[in-house]
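**Q** sequence and predicted structure are below.
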Amino acid sequence: MAVMIGHHDAEKAFLEPWTSGRLHHAWLLAGPQGMGKGAFAARVARFLVTHDRAGEGGAPLSLDDPGDDQAGRLVAAGNHPEIIHLTRQVKDKSKDLARNITIDQVRGMIRRLHLSLSLGAWRVVVIDAVDDLETDGANALLKTLEEPPAQTLFLLVSHSPGRLLPTIRSRCRILRFQPVERDVMTAWLHDLRPMLDMAEVRAIVAASGGVPGKALALIDSDVAVMEKKLLAIATGGDRDNRLREALAREVGGTSNRARLELVIDIVPGLLAQLARERPLGEIAPVLGQWDRIQRTVRDAVRGSYDGAMVGFEIGNCLAELAPRGGQAAR
């Protein structure tokens, strides 16, 4: 598993109150999906169940300090009795995840909180993501946050904290995970995948928006190949619609939503490249097509979000930028 970045400030914000013995009982880990909030929650949980009641020794430690060896082995095996993890479950006879974290899951967690600690000084509840709670489950969680058991820490992962009950947010200390600066992301990704060409690294970083998890997903989606396909449409015009139809197939359907988002992320950089390469008087059409693509995506989000339609229309916009000899009739 790749080491995530962008956690330094959050780690410091957690370790300081732990060291002083004034650790808040509930933490809301808020930020874009893909920032590694779940990984950070797992590090905090492991740290607490492998360390003493408070920061004996004074100096702040790293969350990756090994602590108690026996407890650490249990965590690594996924068997530590004092770590409770709530997430959406796989449906019966299906590989799909349930729509929500259910009230029954929350009630089961609450029952476990009434038991005495069997190992160590802390119990940790990780809810990933708290956005997925059913309404009844959110209300049940709120009651527990209002009267928390001693030596119990709640880590609530949220991709959309504005959608949570205000009363839940008010019971938590908020740790915000912000997108990582472009230079830092570039250096991290280059170190992580040194076999990638630097031009490809920069394209991935630009498309990721500073979100490390998204950058890793983009690598797996093969950004360079997709860029070449889009560029072929923009330079050749795709007279027989073959490339546009192939693009529509690749990004259509629910299972290909990530690939469609990749295309949408790549297009601004591709258009910027085309604009740089063209005479000043030919830049306006490039900007016009970018406006058209934005309208297409916006309208699709408001409607049924037909990925194939969006992909084909993006292809149409790019094809119109091709030299006139290569454009197809539409």
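**A** That came through fine.

**Q** D92: neighbouring residues, count only.
**A** Residues within reach of D92, counting by other C-beta atoms under 10 Å, total 6. For glycine as for every other residue, the C-beta is placed from the backbone atoms N, C-alpha and C.

**Q** can you verify my assumption that D96 contacts R88?
**A** No - between D96 and R88 there is no contact under C-beta atoms under 8 Å: 9.6 Å.

**Q** between those two, which has more neighbouring residues?
**A** R88 (17 against 8).

**Q** assumed that one was part of a helix.
**A** No - R88: not assigned to a helix; according to DSSP: H, G, I helix; E, B strand; the rest coil it is coil.

**Q** residues in contact with it?
**A** Residues in contact with R88 (C-beta atoms under 8 Å, 6 or more residues apart in numbering) are 97-101, 132.

**Q** could you redo the last one with a cut-off of 10 Å?
**A** 96-102, 105, 128-129, 132-133 (C-beta atoms under 10 Å, 6 or more residues apart in numbering).

**Q** returning to that earlier point: overlap of the contact sets of D96 and R88?
**A** Contacts common to D96 and R88, judged by C-beta under 10 Å, 6+ apart, are absent.

**Q** mind giving me the ChimeraX select for the contacts of R88, buried ones only?
**A** A single ChimeraX command selects the buried members of the contacts of R88 (16 or more other C-beta atoms under 10 Å):
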select :98,100,101,102,105,128,129,132,133
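
**Q** quick one, which of the contacts of R88 has the minimum pLDDT?
**A** When the contacts of R88 are compared by pLDDT, D96 scores lowest at 73.

**Q** give the contact list for that one.
**A** 88, 90.

**Q** how near is it to L260?
**A** 20 Å (C-beta to C-beta, to the nearest Å).

**Q** just H190 next, same as before
**A** Applying C-beta to C-beta to H190 and L260 gives a distance of 27 Å.

**Q** more crowded one of the two?
**A** Comparing H190 with L260 by other C-beta under 10 Å, the one with more neighbours is L260, at 24 against 14.

**Q** tell me the contacts of that one?
**A** 247-248, 250-253, 297, 300, 305-308, 310-311, 314.

**Q** so which of the residues you listed is the closest to L280?
**A** I314 (25.2 Å; C-beta to C-beta).

**Q** excluding chain neighbours, what is closest to the closest one?
**A** Take I314 and drop its neighbours on the chain: the residue closest to it by C-beta to C-beta, 6 or more residues apart in numbering is I293, 5.6 Å away.

**Q** so what does the one you found have for phi and psi?
**A** Here is the backbone geometry of I293 (degrees, to the nearest 10): phi -60, psi -40.

**Q** surely it is in contact with D265?
**A** No - counting by C-beta atoms under 10 Å, I293 stays clear of D265, with 11.7 Å between them.

**Q** thinking again about what came up before, any idea how far Q89 is from the residue nearest to I314?
**A** 38 Å.

**Q** quick one: which of these two has more around it?
**A** Neighbour tally, I293 and Q89, criterion other C-beta under 10 Å: the higher count belongs to I293, 21 against 13.

**Q** number of nearby residues for the residue nearest to P149 when sequence neighbours are not counted?
**A** Spatially, and ignoring its direct neighbours in sequence, P149 is nearest to L113 (5.0 Å; C-beta to C-beta, 6+ apart). When neighbours are counted by other C-beta under 10 Å, L113 registers 13.

**Q** for L113, what are its contacts?
**A** 84, 123, 125, 144, 148-149, 152.

**Q** ok, now A300?
**A** Counting by C-beta under 10 Å, 6+ apart, A300 makes contact with 260, 264, 306-307, 309-310, 313.

**Q** likewise V263?
**A** 207, 221, 226-227, 229-230, 247, 250-251, 256, 270, 293, 297, 307, 310-311, 314-315.

**Q** repeat for A322
**A** A322 makes contacts with 232-239, 328, as judged by C-beta under 10 Å, 6+ apart.

**Q** what do you get if the cut-off is 6 Å, keeping everything else the same?
**A** 235-237 (C-beta atoms under 6 Å, 6 or more residues apart in numbering).

**Q** how close does it sit to A234?
**A** For A322, the distance to A234 - C-beta to C-beta - is 6 Å.

**Q** now G31
**A** G31 is 34 Å from A234, by C-beta to C-beta.

**Q** just the strands in the protein please.
**A** Assigned strands in the chain, in chain order: 26-30, 83-86, 123-128, 152-158, 173-176 (criterion: DSSP state E).

**Q** thanks a lot, see you next time.
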